[in-house]
Structures are given as C-alpha cells and as structure tokens.
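Visitor: next come a sequence and a model predicted from it.
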Amino acid sequence: MVKLLGAVAGAALLLAPSAYGNVGDACSADPTRLQTFYVEAEWTKKAYRRSEKASVLLTVTRPADTDPTGYGIPIDRPTSVPAQDVTVTTAVAPERWPPPFGRGITNEDGQVRLKIPLGNVPRGPQAASHYASYWTNENGCPDIEEWGFLWEDPAFKVR
C-alpha cells in the first residue's frame with residue numbers, strides 16, 4: 001500500500017503544472033536570467049509636492065556594469081548601446097504597499113519618461129527602485145530574461 005501511495009504521489013508531481021507550463025511541455029524549463037542592462041535615472045526636480053507627479057527620464061543601455069550571471073562582479077563598460085523595447089518599471093517609496101509606480105517601454109534611444117503620481121507618499125526623502133526587463137520567447141515560451149536594476153536612496157524629496 002505504501003509503495004502504491006508513493007507511486008501515486010510521484011506521478012502527481014510529474015504531471016503537476018509548473019509556473020512555465022506542464023512538465024514535458026516545451027516551456028517546462030525555467031528561463032535563463034542575464035543581467036545585461038545598465039539603468040540610469042534623471043529626475044526632473046529634486047523635490048515634489050504630494051499633489052504632483054514625479055517625472056523621471058530612464059536610460060537603459062547594454063552592457064551592464066556587472067557580470068551577466070548576477071554575482072555582482074564589476075565589469076568595465078568599454079562601450080554603451082541603447083536598449084530598445086525594454087519594459088521599465090519604477091516604484092517610489094517601495095517599502096509602502098502598494099507603492100506608487102510607473103511603467104513604460106524604451107524607445108530607439110533606450111529612453112522612456114515616466115510620470116508617477118505621488119498621492120499620499122509621506123513627506124521627506126524618498127527611495128526609488130527601477131527595474132528593466134526584456135523577454136526573449138521561442139515558440140511562445142519565456143526562454144531568456146535580460147534585466148537591469150537601479151536603487152536610489154534618496155531619489156528625491158516630497159514636500
């Protein structure tokens with residue numbers, strides 16, 4: 001009986017769907033994640049009122065200034081190439097939930113301007129996180145994610 005239950009449990013694990021499709025599907029493998037983007041942020045102002053939208057110009061380029069495997073080993077950037085069609089998300093005061101955020105896609109110059117409503121963000125210095133991501137899909141499967149990240153603390157002040 002124990003062997004039968006073990007066999008049933010094993011079969012259930014093999015047939016259970018994963019986050020990327022059913023086991024045995026072309027999408028069953030986890031995607032490869034490579035840190036290939038360098039993210040720069042330029043805020044329009046150093047201080048905003050709570051009633052305003054914070055405006056930030058983000059520039060995403062390749063290569064990153066760290067190794068692509070994400071171990072944080074610094075690498076010289078001998079050149080810089082704009083990254084087009086990259087989805088960029090910026091969250092202000094990310095310790096709050098849900099944080100005010102903006103999302104956009106970079107143009108041919110690797111840039112996107114986001115305007116983020118501040119709402120009831122507390123007064124004072126505010127942190128911001130910027131995440132850039134581009135997925136390569138083969139046969140409808142998410143195979144490779146290129147990504148980059150920038151943390152600013154503080155990014156600006158709220159008056």
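Guide: Structure received. Numbering: from 1, shown residues only.
Visitor: first vs last residue of stretch 44-53, how far apart are they?
Guide: 10 Å (C-alpha to C-alpha, to the nearest Å).
Visitor: buried sites along that stretch?
Guide: By neighbour count on 16 or more other C-beta atoms under 10 Å, the buried set for stretch 44-53 is Y48, E52. Where C-beta positions appear, they are placed from N, C-alpha and C, glycine not excepted.
Visitor: pLDDT on that stretch, on average?
Guide: The average pLDDT within stretch 44-53 is 95.
Visitor: can you check stretch 29-41 too?
Guide: Computed over stretch 29-41, the average pLDDT equals 90.
Visitor: which residue lies nearest the spatial centre of the protein?
Guide: In the chain, the C-alpha nearest the mean C-alpha coordinate belongs to Y131, at 3.3 Å (C-alpha atoms, centre = their mean).
Visitor: which positions within stretch 63-81 qualify as buried?
Guide: Going by neighbour count (16+ other C-beta under 10 Å), the buried part of stretch 63-81 is P63, A64, T66, P68.
Visitor: turn these into JSON lines, columns for distance to P99.
Guide: Below are the buried residues of stretch 63-81 laid out as JSON lines (distance: C-beta to C-beta, whole Å):
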{"residue": "P63", "distance to P99": "29"}
{"residue": "A64", "distance to P99": "24"}
{"residue": "T66", "distance to P99": "25"}
{"residue": "P68", "distance to P99": "28"}
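Visitor: any chance of these in TSV, with pLDDT, distance to P100 and secondary structure too?
Guide: Conversion of the buried residues of stretch 63-81 to TSV gives the following (pLDDT from 0 to 100; distance: C-beta to C-beta, whole Å; DSSP: H, G, I helix; E, B strand; the rest coil):
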residue	pLDDT	distance to P100	secondary structure
P63	93	31	coil
A64	93	26	coil
T66	90	28	strand
P68	88	31	coil
